[in-house]
Each structure stands twice: as structure tokens, then as C-alpha cells.
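In: could you look at this predicted model? Sequence included:
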Amino acid sequence: MTPSSERPAPRPLRDWLAGPALLVLGPLALFLAGFIWLLWPEWTDNPDLSHGLFAPLIFALLVREGWTHGTRRWVPERAWVTVGVGVALAAALIAFAMAGLLAASLGWSHSVVKFLLACALAAALGGGLLILAGEHVRAVPFNWPVLTAIALWVLASPLPPGAYARLTLELQAWVTTGVLNALHILGIPARQSGNVIELANTSVGVEEACSGIRSLLSCLYAGVFFSGWLVRRYWARALLITIAPLLAIAMNYLRSLLLTLLANRGVDINGFWHDTTGFAILGITAALLALLANWLSETEPAPAPVTATAQAPAPSAAPTRAASWMFAGGSAVLVSVGLFFAFYPRSAEVRTADIAFEPDRLLPVASEGWQVVTAQDLYQFSETLQTEHLAQRTYLRRRGERMQQLTVYIAHWAPGQVPVSMVASHTPDACWPGSGWVAQTNATPRLALDLAGRALPPAEYRLFTRGPAAQHVWFWHIFDGRVINYRDPYSIPALLELGLRYGFRREGSQYFVRMSSNLPWSELAAEPLLRQIQDNLAPLGLTP
């Protein structure tokens, strides 16, 4: 790399716009426009990614900052630059092909698809930068502000569901335990049940929205942005980026503690207090990061002014032309792959006709010896699950001193309504811990069940506890009239397997069936009620 003090300033726009840079700028503009168009609904609908709305503006600001105030460092015309461009294009093609494969089968809206597209975009931008920052082109310098502009596209995309879920659960557990310890120090009686803090007169749940994931992502984005826009020293940049997530976690902890103290005083923390404190903490944290970045920038010596020197002998343009044509060819391949996945026909014969969702036919409204309770509040989950076809009935009866309970839940999606992976991501593993249930170690997560001498499809089995209460949970995911093998929905290889196996038959309807009870299966298998439920569900695909 050659720094600015030894080389001329960037060439005028009219000079380099007519050269090899056009072969790079055209595809990059197309990729950026497509990515923004695809991610815009995510940025407007997902509160965790609302900072993405500013991503195009911030990208432009950082590129301008790198051009006007950053170190004007140019990439020498060497053979390794062409190799670097090829590696970047290969990485972009691999990420884009994986995203396209998942999108063709599981939908372009899936978070893994968008994350892989962001990685592909960053790789393509990195390859383009090697050309645009070349000594022959000198369009955009190779410096930290420009590199942060590229990296921030990844931070403006959804996290892979595995990383998101695990990070959220860790934050929930940490916040819950930390708030509970603080309450004990303050002399307030409280106890923890999963992610729920039980107070004397009420309880407070640390749900996904309260975990601090939104503050963490937004503040990390802000920290990286300020490191490129305001800060010049390497150690100061590293310090700012390190402090950003720590500050976000600490501020969210203070917010959760404040809300819990208000709830303990009898204040309704839903609505106004919950939302107001959330936005306030986010704004305060961003302001603190801006002040820190400004202070770090004031402690730095002013950069030496850049003066144009005599025009050095122009380096050979041959490596630049070769890399530019390679970039144009690779971009054409990327566009072709995208068109293939976007328009390749995915129709296939549906094995079974869609069955009308009739809860009263599927779940008995009455059963001898059992009290039946129908859930009336499932509508609150319709937006998250993207369906209004939800039903749940709980069957209760007393045997001696013990109340026996069986709950059956069914969700239905019409053919093509949602991808398979979306249904697979809303399982008890992901949803129950947020309401205080703790998953117990289970040596047999998949069971072959027997009902009155008839074998059922293998069920996923989990055991949850909340205080002294325990729930045995069995669930099945039915696609196109058959139970599919459940795989970790947070694993990219597992999602690829789902896509290859089920994606090109998206016309099939989907059902999610969950049974939960305080009794083990061995005590339920002989119940006529369970036999009746299985007979009702058999047409959906709950058969061996």
C-alpha cells in the first residue's frame, strides 16, 4: 500500500469514471440496489434492525469520509491484487449460491438468506475496492472508513437464527439473574423461575424484547460507525468497538432493574413505561458512544494536510483491466445465479389435498371424565406465526390428590403460505424458556411412541420444569401429509437439508402438533381421549 503523503490525490471524477472503474461501479450499484430493496421490509418491520434504515446514508457518509479525510492509501498494481479480486468474487459467489439455494426452497425472507446475502455483498464490495483503490484508478482510497462502510452492511442484516436465539437466551438469563441479585441486595423478596422474576404481588418476565438484543445490535453498529467517522488511531477504534456492546448490555440491565422496581411498587410497566424506557436507553447509549468517540478524536493530533505532488509515472493499467474484466465476469455469473433461483420453477405434485382447519373436528370439545378448557388468547401469536389457524384445548381431571392435565395445540399453514424452516423455528425449544420453563437434560429427544398397540410417527420429546411443575412435551411437524424429520432450525447445514428435501414442494400444507402433559406417555397411551385425538389427526398425516 502507498500512503497519501507520497502519492497524488484522487483523480477527478470525470477521469476515472470513464475507465475500468465502470466495470466495477455498475455491478456494485446493482448489488446495492437489490440488497436495499430486499432488506427494506426487514428494516421497517423488525425493531432489532431499525438502524438499517440509515445504512444507505451511513455507507455514503463513510465513503465520503474515507475520500476526504481518511488516509489516501492506494493498492499497488500487482498480480496478487487480481488474485485477491478472484478470491473475493469466489466468496461472494459461494455465499450468494447458498443464499439462493435456501431462498428457492425456504423463501427470500428467511434470516439466514439475508445474512448470507449481506456476506456476499460485503465480499463483492471488498473485491471492488481492490480495483477502485488501485494506483491506476484511484477512485476510492483503501482505508478504515471505507472498510467500515463495507462491514456495516453485515451488521444491518439479520443474525442467523442460531446465533440470534442463543445470544438472546444468554442475555435473558444474565439479565434475569442480575436483576434478581440486585433485588436481594435491596432487600426486596423475589425468586426466579426461568426468565420470570416472581415478586410479592406480581411477576416480571424478561422476554426476548427485554433481553437487550436490540440495544446490543444497534450500539455495535453505532460503535463501528463512529470508529470510522470520527476516530483515527487504531487503539481508539478498538476501544470504542469493544465498549459499545458492553455499554449496551449494562444500560439494558439498568432498564430491566428499573422496570422491575416499578412493577414491585404496583406500577403497570406494560405499554408506556416499557416502550419509553427502551427508546430512552437506546438514545442515551448512542449519545454516550458519540461523546466518547468525539473525545477520542479530540485527543488525536490533527492529520497532516494532503498536498498534490507532481504526477508520478502512471503505472501499467494491464493488471487493473484484467481485474476489472474478471470482476465484470464474476458479477455476470452472480446475476445469472440470482435469476436462476428467482425464476426456476418450483411446482410439484402435492401428495395430499389441503384439509380445512376445523378445531372442533380435530380436538374433541368434550370427553367423558375430562373437563375441557379452550384457549381464547392464541390470536396474540398470529402475527409472529404468520397464521390465524391456531387452536389449543386443555383436558383436566382429578385422580385422588392429583390433577391430571393434557394440552393439545395445533397450528396450520395453507400450501405455500410459509417456508418449512419458519415453522421449524417456532418449537418449544425456542418459545417455552421465555415464559419461565427450563429445559431439562434429555437422553431421548426423539421417541417412537405406541398408542393402543399402534405405532405413531417418531415424536420430538422434551421435558420442561418451572418450579415444582413439570411438563412432558411431544411434538410433530407435518408437511404435505407426512411427518418430517426434525432438525436443528438454527443450523445452516440443517436448513440446507430442509431446503433440498422439502423446498421444491412448497405447495404442501403444514401442521404443527404439540401435546404436553404432567403425565408421562406410558400413563396416557391407554386413554380413549388420546386415541380419539389421534384418529382425528390421522388425515393430517399423523400416521406411521
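Out: Nice, I can see it. Residues are numbered from 1 along each chain as shown.

In: for the rest of this, base every contact and every neighbour count on C-alpha atoms.
Out: OK.

In: ok, Gly128 - how many residues close by?
Out: Residues within reach of Gly128, counting by other CA atoms under 10 Å, total 25.

In: nearest spatial neighbour of it, skipping sequence neighbours?
Out: Nearest in space to Gly128, with sequence neighbours left out and distances taken as CA to CA, 6 or more residues apart in numbering, is Val24 at 6.0 Å.

In: pretty sure the one you found contacts Ala322?
Out: No: counting by CA atoms under 8 Å, Val24 does not reach Ala322; the two are 11.9 Å apart.

In: looking at the two, which is more packed in?
Out: Counted by other CA under 10 Å, Val24 and Ala322 do not tie: Val24 has more neighbours, with 24 against 15.

In: that one: which element?
Out: Using DSSP states H and E, Val24 maps to helix 21-45.

In: what is the subsequent helix or strand relative to that helix?
Out: Where DSSP H and E defines the elements, the next helix or strand beyond helix 21-45 is helix 55-68.

In: quick one: the helices in the stretch 401-544 of the chain?
Out: For the stretch 401-544 of the chain, the helices defined by DSSP state H, counting those that start in this stretch cover 420-424, 428-431, 492-502, 521-524, 528-537.

In: what's the least confident stretch among these?
Out: Mean pLDDT is lowest for helix 492-502 among those, at a mean of 61.

In: how's the protein carved up into domains?
Out: Split into domains by automatic domain parsing, the chain comes to 13-160+316-341, 162-297, 359-540.

In: deepest in the core, which of those domains is it.
Out: domain 13-160+316-341 (a mean of 20; mean count of other CA atoms under 10 Å).

In: what about that one, average pLDDT?
Out: pLDDT averaged over domain 13-160+316-341 gives 85.

In: distance from that domain to the middle of the chain?
Out: 21 Å (CA atoms, centre = their mean, to the nearest Å).

In: quick one, the helix holding Val24 and helix 55-68 angle?
Out: Going by axes from the mean of the first three to the mean of the last three CA atoms, to 10 degrees, helix 21-45 is angled at 140 degrees with respect to helix 55-68.

In: picking up where we left off before, which residues touch the residue nearest to Gly128?
Out: 128, 131-132, 324, 327-328 (CA atoms under 8 Å, 6 or more residues apart in numbering).

In: how near is it to Leu93?
Out: According to CA to CA, to the nearest Å, Val24 stands 16 Å off from Leu93.

In: again, but for Ala190
Out: Applying CA to CA to Ala190 and Leu93 gives a distance of 53 Å.

In: what of Asn46?
Out: When Asn46 is compared with Leu93 (using CA to CA), they lie 27 Å apart.

In: any idea how far Arg462 lies from Val473?
Out: Arg462 is 5 Å from Val473, by CA to CA.

In: again with Ile269
Out: The value you get for Ile269 to Val473, if CA to CA is used, is 32 Å.

In: what of Glu368?
Out: In terms of CA to CA, Glu368 sits 23 Å off from Val473.

In: try Val83
Out: From Val83 to Val473 the distance is 54 Å (CA to CA).

In: what do you get for Pro145?
Out: 51 Å.

In: ok, now Arg454?
Out: 20 Å.
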